[in-house]
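In: sequence isn't available, so here's the structure alone:
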């Protein structure tokens, strides 16, 4: 504005100064408006870029969760035990700890542990042994980082044994803890609401 008045005064005297003042004011206002609009446009572009990034990340997480859910529905494993033992083999314990790390990174997942025993021994002893086996697997998962609430335990003893009587080879498959990884029931309830 003042710059326009000074230029107008140089070329047109007092009338030029007045015209220069008005033209300078209009140009100054236009330049200021243009700068504010440019700044606002850049802010909107930044916000839009952040929104796109957040949406892409959310979409990726959703996609990852769908993949994890699909894998979890199919992931089943057995941990085998020696006769009358609830001790987890050292190498198997390492694998269980790795699984515990995976569970820790994905709080929406849980593991169901089902302990079993072969039919030798009393039903009470076998039920207690199958619970100790499931608990041993649970402890290895927790050592790896899994939250206790991500782990569900069940002991079946010899109740679900399928081995023929006195089939010692088949008994080896009865001394186990079966693992099944699934989307957490708490996460499923939260998604339903």
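Out: Cool, got the structure. Keep in mind the model is a prediction, meaning the values are calculated, not measured.
In: and residue 15, what's its pLDDT?
Out: Predicted confidence (pLDDT) for residue 15: 49.
In: now the one 10 residues further on
Out: Here, the pLDDT recorded for residue 25 equals 50.
In: same thing with the one 10 residues further on?
Out: If you check residue 35, the pLDDT there is 55.
In: pretty sure residue 79 sits against residue 179.
Out: Yes - counting by CB atoms under 8 Å, residue 79 does reach residue 179; the two are 6.9 Å apart. For glycine as for every other residue, the C-beta is placed from the backbone atoms N, C-alpha and C.
In: OK, contacts around the nearest residue to residue 148 once chain neighbours are set aside?
Out: Spatially, and ignoring its direct neighbours in sequence, residue 148 is nearest to residue 142 (6.1 Å; CB to CB, 6 or more residues apart in numbering). The neighbours of residue 142, taking CB atoms under 8 Å, 6 or more residues apart in numbering as the test, are 100, 148, 151.
In: identify each buried residue in the helix or strand encompassing residue 142, please.
Out: Assessed by DSSP states H and E, residue 142 sits inside helix 123-144. Residues of helix 123-144 classed as buried: 126-142, 144 (neighbour count, 16 or more other CB atoms under 10 Å).
In: what's the following helix or strand after whatever helix or strand residue 102 lives in?
Out: Residue 102 is part of helix 90-105, with elements assigned from DSSP H and E. Sequence-wise, the next helix or strand downstream of helix 90-105 (DSSP H and E) is strand 109-115.
In: which other helices and strands does that next one contact?
Out: If you count contacts as 3 or more CB pairs under 8 Å, 6 or more residues apart in numbering; DSSP states H and E, strand 109-115 packs onto helix 90-105, helix 123-144, strand 151-155, strand 176-183.
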